[in-house]
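Colleague: mind folding the following:
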Amino acid sequence: MKKDKLLELFNSLTLEEKIGQLVQLNPDFLNESDTVHTGPISSIGIKEEMIPYTGSILNSVNAKQIKTIQKEYIEKSRHKIPLLFMADIINGYKTVFPIPLALGCSYDFKLVKETAQISAKEAAVSGIHVTFSPMVDMVHDARWGRVMESYSEDVYLNNQYAEAMVTGYQGTNDPHNNIASCVKHFAGYGGAQSGRDYNTVELSKRTLLEEYLPAYHSAIKAGCKMVMTSFNTIDRIPVTANKWLLRNILRNEWNFKGVTISDHSAIKELINHGIARDEKEAAQKALEAGCDIDMMTACYANNLSRLVKEKKLDISYINDAAFRVLELKNDLGLFENPYRGADEDDEKKYILAPEFRSKAREAVEKSCVLLENNGILPLNSNKKIALIGPYGNSKELCGMWSFTVDKDNVITVKEGIEKYSNNVQYCTGSQILDDYQVVKELNSLFGQEFKNQELVDESLELKCAKEYAKDADVVIMALGEHSYQSGEAASRTDLSIPKPQMNLFKEIVKLKKPIVSLIFSGRPLILNEIKKYSDAVLQCWFPGIEGGNGIANILYGKVNPSARLSISFPYHVGQCPISYNFLNTGRPNTKENIGNRFVSKYIDAPNLPLYGFGYGLSYSQFEYSKVSLSSKKMSMDTVIEASVIVENKSEYEGVETVQMYINDVVSSVSRPVKELKGIKKITLKPYEKKKVDFIITNEMLKFYRCDMKYDSEAGKFIVYIGHDSLTNNEECFELIK
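Modeller: Okay, here's the model as predicted:
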């Protein structure tokens, strides 16, 4: 529809019809049965007469249902304005990939874009128009359950992944291949105090601008159509009502023209935050601040019209927001085809297509991080295997947000290993948890049944596990947290593997058999004992439907692992939040002051994590030359080439992720000890060498100075190039102004 026609349509709308475009409900509200009055309507108190004006629907997820809802809605609509259908497609639709945090460990932006393209294709043919993804919140605290949805603790990586996901989802706006992307959670949600979900966020403006905002900005520069506000406060103002963020930054500085939407119930929650007396005031503050769509509350539907009539709210706020929603619908082609993409035949044709599953398997292979290996891996297929642990034959491999998955399509670890060996004995060994109350609440929320929460006879299971282990050449332990122990509303103060599994592990350790530990989780766990007593450790995350195949391919050497940690693994939960790019402090803990009590350190734990950012092993062994610079001096309009020679010193062909970090030695504000500024992935044949080059630009050296101007400062810089964030392979240069 041409813009003049869209404007003509908009001008013909009543105030209530405009407000309706700003309301998002779930499909239950459009059900005409008698129970809708005692169920959905009463649950949020929405005026029944406003429901027919609803502009968008949340989490309706198949073509037949969406077409039916759309048809019935349009038939009753005076202006035939179609609904927008939005859903949480986080790490895949039916072809479920590894969780985002796992994909972050691939350091492969092309791969991540391809996973988004496949997710978009499957969602589009099912009738979905918008996904609430990517989530690019900066994460430093493993206690926060939603680290699983983010990609990294690093600014550079998050920026790259934000762009990759948005362009993957949206493509060329083809209705059969693409959907709109809604970046979230703007802003700072990952900085929740104590890692407790929905908690207060206290960040300096400099930290917010330098670390937390860039990834959202990258998504917007990539063209994302929507932005979701976060639950938290910034500067003690909830983001959903934060004019500085939603108007000054998002609209004015970043020139965002798309639609904003609250997170679930967030507008009503302004009352709990203590900045609104009631739903009426909450509605006014949110809309005036710049939140266009109200997700799953009655605040806008019940109050905006009254606020206008009472002359407390300028109607221009409603007009601007409603027209943006119509523009999005028009941009997606819904006025020409309200059933955009939805096709049951295409669902059968494309969903879980073999090439999609192949890409999911590749994603597993590139995101599982090899943390330890004393030479036991890769395994010989002749070895007799005891596969022990709750995740050994579990289909719960997709993570909390995979509510669209058909678990019959999940390949278990046992199924994957049996493709290499017919000499495998499996035993659960223990329950996954000792208390399932923590996860039962979410079962009803998503309508999911978790088979690995069934009680088992632990004495019999332990006896079986010991017998199998004694008879085996190698024991593979498949352990981890319950998939509902990570994700939204899943904050933890204890990051240990659950007690029943650790008790099982300790009993197997006593048998002194070689142990390969597979760890399944949505966050970094405390793996000190696992590291100490395992011969190999593979961090598998929640790997998705091809988890079993991808993991087996790594274990048996068909694939040489290449993933690197995109988040630090703490030595102890007391270190959280922890990240590689810390500030030195006035009393840094260094090799030179070992034994000095009065430095910044713990007296009962190291400062450094158990496994640092960028870390990950391979079956290959790589050796680096010293860093070489094309010049030791650089001006604002010149560049420096930094290079190393990397050699594969092994008989295995492998992929090495070469990482470049920079440290600004002296500046007007304290700067991180290291910041990742670039990566290069190279493939090296056995004993092959390659030169790897990075270009250092003035842009890489900029930060928010003491005067809050974003610029570089003259002085000394250290360049590090190596295998991970702990590298000391360095060279210096000077920036001259």
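Colleague: shouldn't Leu30 be in contact with Lys71?
Modeller: No: contact criterion Cβ atoms under 8 Å: Leu30 and Lys71 do not qualify, at 11.4 Å. Every C-beta, even on glycine, is put in place using the N, C-alpha and C of the backbone.
Colleague: quick one: which of the two has more around it?
Modeller: Neighbours were counted for Leu30 and for Lys71 using other Cβ atoms under 10 Å; Leu30 has more, 20 against 12.
Colleague: now do the contacts for the more buried one.
Modeller: Contacts for Leu30 (Cβ atoms under 8 Å, 6 or more residues apart in numbering) come out as 51, 54, 57, 69, 72-73.
Colleague: mind checking which of these are buried?
Modeller: For the contacts of Leu30, a burial check counting by 16 or more other Cβ atoms under 10 Å picks out 51, 54, 57, 69, 73.
Colleague: so which pair among those is furthest apart in space?
Modeller: Using Cβ to Cβ, the two most remote members of the buried ones among the contacts of Leu30 are Ile51 and Ile69, lying 12.5 Å apart.
Colleague: tally of neighbours for Ala353?
Modeller: 15.
Colleague: could you find the closest non-adjacent residue to it?
Modeller: Using Cβ to Cβ, 6 or more residues apart in numbering and skipping the chain neighbours, the partner closest in space to Ala353 is Thr95 (7.8 Å).
Colleague: which pLDDT value goes with the one you found?
Modeller: Among the per-residue scores, Thr95 shows a pLDDT of 98.
Colleague: would Val95 count as being in a helix?
Modeller: Val isn't right for residue 95; it's Thr. No: per DSSP: H, G, I helix; E, B strand; the rest coil, Thr95 lies outside any helix segment and is coil.
Colleague: that one against Ser119, yeah?
Modeller: Yes: using Cβ under 8 Å, Thr95 makes contact with Ser119 at a distance of 7.5 Å.
Colleague: what residues are bridge-paired with the closest residue in space to Met228 that isn't next to it in sequence?
Modeller: Spatial nearest neighbour of Met228, chain neighbours left out: Lys184 (3.7 Å); criterion: Cβ to Cβ, 6+ apart. Beta-bridge partners recorded for Lys184 (DSSP bridges): Met135.
Colleague: so Lys184 makes contact with Cys224?
Modeller: No: at 9.9 Å, Lys184 and Cys224 do not qualify as touching, with contact defined as Cβ under 8 Å.
Colleague: quick check, nearest of the contacts of Leu30 to Asp197?
Modeller: Nearest to Asp197 among these is Ile57, at 25.5 Å by Cβ to Cβ.
Colleague: let me know the closest of the contacts of Leu30 to Lys674.
Modeller: Comparing the contacts of Leu30 against Lys674 with Cβ to Cβ places Ile57 closest, at 45.9 Å.
Colleague: wait, a strand at that closest one?
Modeller: Yes: remark: Ile57 belongs to a strand, assigned using three-state DSSP.
Colleague: which residues touch it?
Modeller: If a contact means Cβ under 8 Å, 6+ apart, then Ile57 has 24-27, 30, 69, 83-86 as its contacts.
Colleague: so how far is Val23 from it?
Modeller: Noted for Ile57: a distance of 10 Å to Val23, by Cβ to Cβ, to the nearest Å.
Colleague: Ala219 too?
Modeller: Separation of Ala219 from Val23 (Cβ to Cβ): 25 Å.
Colleague: check Gly678 too.
Modeller: Applying Cβ to Cβ, the value for Gly678 to Val23 is 45 Å.
Colleague: ok, Val658 next?
Modeller: Computed as Cβ to Cβ, the Val658 to Val23 distance reads 50 Å.
Colleague: which one's more surrounded, those two?
Modeller: Taking other Cβ under 10 Å, Val658 and Val23 do not tie; Val23 has more neighbours (26 against 21).
Colleague: burial check on the closest residue in space to Leu328 that isn't next to it in sequence, number of neighbours?
Modeller: Using Cβ to Cβ, 6+ apart and skipping residues adjacent in sequence, the residue nearest Leu328 is Val259, 5.2 Å away. Around Val259 there are 27 other residues, counting by other Cβ under 10 Å.
Colleague: same deal with Asp693?
Modeller: 15.
Colleague: now the residue nearest to it when sequence neighbours are not counted, what's its secondary structure?
Modeller: Distance criterion Cβ to Cβ, 6+ apart; nearest residue to Asp693, sequence neighbours excluded, is Ser643 at 4.6 Å. With three-state DSSP as the basis, Ser643 sits in strand.
Colleague: could you single out the nearest of the contacts of Leu30 to Lys113?
Modeller: Using Cβ to Cβ, Ile57 comes nearest to Lys113 of the contacts of Leu30, at 27.5 Å.
Colleague: lovely, talk soon.
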